[in-house]
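1. Turn this into a structure:
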Amino acid sequence: MQLQLQDIQNAVLFQLQQSELVNFGSPPNWAAATNPAITQNALTFWINRAYERVMVDLADCEIELAYFTMTSTAQMSDYPLPPGGVINNYANPSQSIPNINLSTYPNVMRVSRVFYTPVGQPWTQEHEGGVRLVSWGQFQRHAAFGYLRPFTYNVIPDYCAVQPNRKVLSFFPGTASNGDTITTEYVPSLTVGTTFAPLSALTDTPILPGEAEMMLVYWSTALCWPKLREMQAAQAYEQKYVAEMMRVREMLGPRSRGDTFRLDRAEDAVVLSYPMGGAIALP
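-> I've put the predicted structure just below:
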């Protein structure tokens, strides 16, 4: 059973021993309380802070993913990540970044994969993490620390990386053609006005699997205990949160028998990922 905001509020109030407010199955009894120690607005605020914390701590489990698609521009090396708009290209100042409005998409916490489909071709090149989707430091080494970027373009970029500000997706070599399709798969951050928004209505539900909902309750409780002047209780719930996080990560990590760890040389993975004679994704 997926919890709604009102259920989470009741669960946290129960942990805080605010029994006069607890009303499982319905919204908490705020109207019946006289000067409650924890107000509804304060509780909702801390629940959303805990919601953000849980999403960050489980980001690498990729339990929820978002996608957006752009089209390439000839001789362009950098593209915006949500929310887009006007972005200063501090890492490649000789080139501007396309002004694309991506405000309807949630902000990026971490990019998982990038798919590049050249115009008119029946295949898609996957930029897989650790192979073609690399760290910013590794990307800089491939591009001679920016020296090669202003005049290096290719039909298919070899590498891509997220700039440290998480606002720009960079390719090397840059895109040589107009109209190629670039699809980004990523772990989203909570962003107002998107499908991954903070909880506000009492019937809102967090975008978390049921296994992780008690993490949200425990960290919300830990954040609220200082208001009740119970610092030791706050520390105890921090420990409960860590223990629950370890249990949840162990459960969510291997989601099928196909989820295994494998060690490969990065160079071999790059060679095998080329469309000619390598692994490609057909429609």
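2. Would you map the helices across the chain?
-> Taking DSSP state H as the test, the helices found in the chain are 5-15, 40-57, 136-142, 213-224, 231-252, 266-272.
3. Is there a neighbour count for residue 3? I'd like the number.
-> Other residues near residue 3 come to 18 when the count uses other Cβ atoms under 10 Å. Bear in mind the C-beta positions are built from the backbone N, C-alpha and C, glycine included.
4. Parallel or antiparallel, which strands does the longest strand seen in the chain pair with?
-> Using DSSP state E, we find that the single longest strand of the chain is strand 108-117. Sheet pairing of strand 108-117 (DSSP bridges) gives strand 125-128 (antiparallel), strand 181-188 (antiparallel).
5. so which of these gets nearest residue 110?
-> Residue 110 lies closest, by Cβ to Cβ, to one member of those: strand 181-188, at 4.9 Å.
6. Tell me what angle that closest one forms with helix 40-57.
-> If you take axes from the mean of the first three to the mean of the last three Cα atoms, to 10 degrees, strand 181-188 sits at 120 degrees to helix 40-57.
7. just to revisit the earlier point, quick check: buried residues in the longest strand of the chain?
-> Going by neighbour count (16 or more other Cβ atoms under 10 Å), the buried part of strand 108-117 is 108, 109, 111, 112, 113, 114, 115, 116, 117.
8. which one is residue 202 nearest to, not counting chain neighbours?
-> residue 6 (4.1 Å; Cβ to Cβ, 6 or more residues apart in numbering).
9. Can you give me the neighbour number for the one you found?
-> 19.
10. can I assume it is in contact with residue 200?
-> No: counting by Cβ atoms under 8 Å, residue 6 sits too far from residue 200 to count as a contact (11.8 Å).
11. Point to the helix or strand of the protein where mean pLDDT is at its lowest.
-> Among the helices and strands of the chain, helix 266-272 carries the lowest confidence by mean pLDDT, DSSP states H and E, at a mean of 60.
12. who's in contact with the spatially most central residue of the chain?
-> By Cα atoms, centre = their mean, the chain has its centre lying nearest to residue 187, at 2.4 Å. Residue 187 is in contact with 55, 59, 62, 64, 65, 66, 108, 109, 110, 111, 112, counting by Cβ atoms under 8 Å, 6 or more residues apart in numbering.
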